[in-house]
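Participant: the amino acid sequence is not available; the structure is as follows:
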């Protein structure tokens, strides 16, 4: 008897039967007899069914983590903004000191106005001390 040639994919386990589906894991063609169907999975064996379920669980976990990370996506930009604001506030608060340091290390040797005022005050205080010491010495010498 001549065997009739089948048109289309055939089952790998039963080459005389037409495949009705492909395994969702390994993509092998399977006939109705080999088909193991559970939920929306069409598999060729229990091992492939187990792998399909595990894959679905992993995918669900990944999607859940992704949704959680997207929910907190505003946190990093907010932290960056707070840090930037703190740096700007610190620069504004210490602007005199920063200007003095800049002048000291990068200026053309010219002291800043604040530095000149501080130097002038220091010299005046020193002169006052010298005058007081001279008066004290004069009083001691004169015996008063």
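Facilitator: Received the coordinates, thanks. This one's a predicted model, so the numbers in the text were calculated from it and none came from an experiment.
Participant: in its sheet, what does the host helix or strand of residue 37 sit against?
Facilitator: Per DSSP states H and E: residue 37 is located in strand 36-38. Strands adjacent to strand 36-38 in the sheet, as given by DSSP bridges, are strand 41-43 (antiparallel).
Participant: so what touches the strand it pairs with?
Facilitator: The contact list for strand 41-43, computed with CB atoms under 8 Å, 6 or more residues apart in numbering, reads 21-25, 30, 35-37, 49, 52-53. Bear in mind the C-beta positions are built from the backbone N, C-alpha and C, glycine included.
Participant: residue 140: which of those residues is nearest?
Facilitator: Distance to residue 140, by CB to CB, is smallest for residue 53 among the contacts of strand 41-43, at 103.6 Å.
Participant: in contact with that closest one, which residues?
Facilitator: Counting by CB under 8 Å, 6+ apart, residue 53 touches residue 41.
Participant: so where does it fall, helix or strand?
Facilitator: Using DSSP H and E, residue 53 maps to helix 46-71.
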